[in-house]
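K.L.:
Quick one, structure for this:
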Amino acid sequence: MHFNTRIKLLPAALLLAAAPAAFAQSSVTIYGVLDVYTAYQKSTVGGKNTSLWAMGNNGEMTSRLGFKGSEDLGGGYRATFNLETGFDPSTGGLQNSYRFFDRQSWVGLGGGFGEVRVGRQNTPMFLYAGNMDAFGAATYGSAYNNFANWLARVDNDISYISPKFANSTLELHYSVGERAGSTASNSVYQVGFQTQQGPLYVGSAYLNANNATNTNSVKQFMLGGNYDYGGGKFYLAFFRTNEVISATTGNVFTNPAGKYDPSGSVVGNTAGNYHNTYSLSADYRINASTTVGAGGGYIKDSSSYNNNAKQFSLIVNYDLSKRTRLYAVASRLINQNTAAYKMTGASYTASQALSPDAGASETGVQLGIRHTF
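P.N.:
I've put the predicted structure just below:
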């Protein structure tokens, strides 16, 4: 009889145990991206005309697996989190061999006041860039992605995201340097603002990243947006960064995501020298499934080297469904003087791209498929 009583009480105990979870209204979402492409590149490498056929990943978007969730704490408050790791679908390997959750890893507390998050987070510049370019700030065709070198993510980041006001949001970030005897060394300060006013979107962000000795700092500024004219969008973007490039609290600036290598001939480490990137592009929706786009960009070197570059590109996107897209890109990048910019995708893998000689131009074509879930 004692045994049977336990059995009868078990369902009630399970209901009581489940009650707090039901009251809290917790939710967890698993999501991801699979992006694989076949590509052709041609340029001058080592003084020889060189071409490369490659199967790559991360063309329009970086392949990733993520977990995000929210728990209702009552009283209008909620706990939030996001864990996200990048990977190579062609091999199954991690995008970043020394970080498991290399893209995002944070926990937060939200409410009527907005939201505070702590951990490894995306920068406002990374989040806004895709709204300023018909190529989504990715693929071989994005001059904005190939020329601009914004810091994408930051470790030890404390952020505040405001509640939406007048269809706008403001965010503030401070990354703790964690160096003995100094709170400024390796620290990163950021501010971002974006607004959607009818057909017009505008975003702007500023970043200051101090180096380990707090003697130099990387200063970056972004401004851009898009205008929906009914049949598609016009995009305009500007990015400015100085040449004092160093390791910071976040990713090291030495080629963190397929941009240029600051230790090479493209940029220097002379304080006061800057690079300005300008991008103009547009797209047109042929029908509900097909969009075509075109655009170009130019990077101006303020130093005496005049290592400038320009690029012109075309893109076609064909949506098989809401989750699956085929894309095709053709692009021409022209380096000037000893500039050595190269075409990359949403993220960079050395085996999938050529590294042109200083001053060499480059032609690239991509055919890819992207699936989101």
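
K.L.:
Just the pLDDT for N208.
P.N.:
Taken from the predicted model, the pLDDT recorded for N208 is 87.

K.L.:
Need the nearest residue in space to it, chain neighbours excluded.
P.N.:
With CB to CB, 6 or more residues apart in numbering as the criterion, N208 has its nearest non-adjacent residue at 4.7 Å, and that residue is Y189. (C-beta placed from N, C-alpha, C; glycine too.)

K.L.:
what about G93, neighbour count?
P.N.:
Here the count is done by other CB atoms under 10 Å, and G93 has 10 residues near it.

K.L.:
ok, back up a step: wait, the residue nearest to N208 touches A205, no?
P.N.:
No: with contact defined as CB atoms under 8 Å, Y189 does not count as touching A205 (11.3 Å).

K.L.:
now for the longest strand along the chain, which elements pack on it?
P.N.:
In terms of residue count, the longest strand belonging to the chain (DSSP state E) is strand 27-45. If contacts are counted by 3 or more CB pairs under 8 Å, 6 or more residues apart in numbering; DSSP states H and E, strand 27-45 sits against strand 48-57, strand 64-74, strand 362-372.

K.L.:
So for the first one, what gets flagged as buried?
P.N.:
Spelled out, that is strand 48-57. Neighbour-count burial for strand 48-57, with 16 or more other CB atoms under 10 Å as criterion, is recorded at T50, G56, N57.

K.L.:
Tell me which strands it pairs with, and in which orientation.
P.N.:
Strand 48-57 sits in its sheet next to strand 27-45 (antiparallel), going by DSSP bridges.

K.L.:
tell me the mean pLDDT for the strand it pairs with?
P.N.:
Over the span of strand 27-45, the pLDDT mean works out to 95.

K.L.:
Then stretch 88-107?
P.N.:
Along stretch 88-107, the predicted local confidence has a mean pLDDT of 86.

K.L.:
quick one, helices of the stretch 51-200 of the chain?
P.N.:
Assignment of helices within the stretch 51-200 of the chain using DSSP state H, counting those that start in this stretch yields the ranges 124-129, 143-147.

K.L.:
want to throw the helices and strands packed on strand 27-45 into CSV with mean pLDDT and distance to Y174?
P.N.:
Converted to CSV, the helices and strands packed on strand 27-45 look like this (pLDDT from 0 to 100; distance: least, CB to CB, whole Å):
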stretch, mean pLDDT, distance to Y174
strand 48-57, 89, 33
strand 64-74, 96, 23
strand 362-372, 96, 32
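
K.L.:
how about these in a markdown table, adding distance to A330?
P.N.:
Converted to a markdown table, the helices and strands packed on strand 27-45 look like this (distance: least, CB to CB, whole Å):
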| stretch | distance to A330 |
| --- | --- |
| strand 48-57 | 15 |
| strand 64-74 | 26 |
| strand 362-372 | 5 |
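
K.L.:
quick one, what contacts the spatially most central residue of the chain?
P.N.:
Against the mean C-alpha coordinate of the chain, by CA atoms, centre = their mean, the closest residue is F126 at 4.1 Å. By CB atoms under 8 Å, 6 or more residues apart in numbering, the contact set of F126 is W150, L151, A152, R153.

K.L.:
Could you do T169 as well?
P.N.:
When contacts are counted by CB under 8 Å, 6+ apart, T169 is found next to I161, S162, P163, F193, Q194, T195.

K.L.:
what's the closest of those to D102?
P.N.:
Using CB to CB, I161 comes nearest to D102 of the contacts of T169, at 21.7 Å.

K.L.:
Just give me the neighbour total for that closest one.
P.N.:
Per other CB under 10 Å, the neighbour tally for I161 reads 18.

K.L.:
Surely it touches F113?
P.N.:
No: proximity of I161 to F113 does not meet the contact threshold set by CB under 8 Å, at 10.2 Å.

K.L.:
burial measure for the closest residue to S105 other than its chain neighbours, as a count.
P.N.:
In space, and not counting its chain neighbours, S105 is closest to R120: 4.4 Å by CB to CB, 6+ apart. Using other CB under 10 Å, R120 has 23 other residues around it.

K.L.:
again with D35
P.N.:
26.

K.L.:
re the thing from before, could I get the pLDDT score of the residue nearest to the centre of the chain?
P.N.:
At F126, the pLDDT value in this model is 94.

K.L.:
repeat for the one 3 residues further on
P.N.:
Model confidence at A129, expressed as pLDDT, equals 96.

K.L.:
please renumber so the chain begins at 32
P.N.:
Understood, numbering begins at 32; the last thing we discussed is A160.

K.L.:
got the contact list for it?
P.N.:
A160 sits next to A168, Y175, N176, A179, W181, M253, G255, A268 when contact means CB under 8 Å, 6+ apart.

K.L.:
In strands, which of these fall?
P.N.:
Residues from the contacts of A160 lying in strands, with DSSP E as the criterion: M253, G255, A268.

K.L.:
How about the secondary structure of S334?
P.N.:
Assigned state for S334: coil (three-state reduction, DSSP: H, G, I helix; E, B strand; the rest coil).

K.L.:
what's the neighbour count on it?
P.N.:
When neighbours are defined as other CB under 10 Å, S334 has 14 of them.
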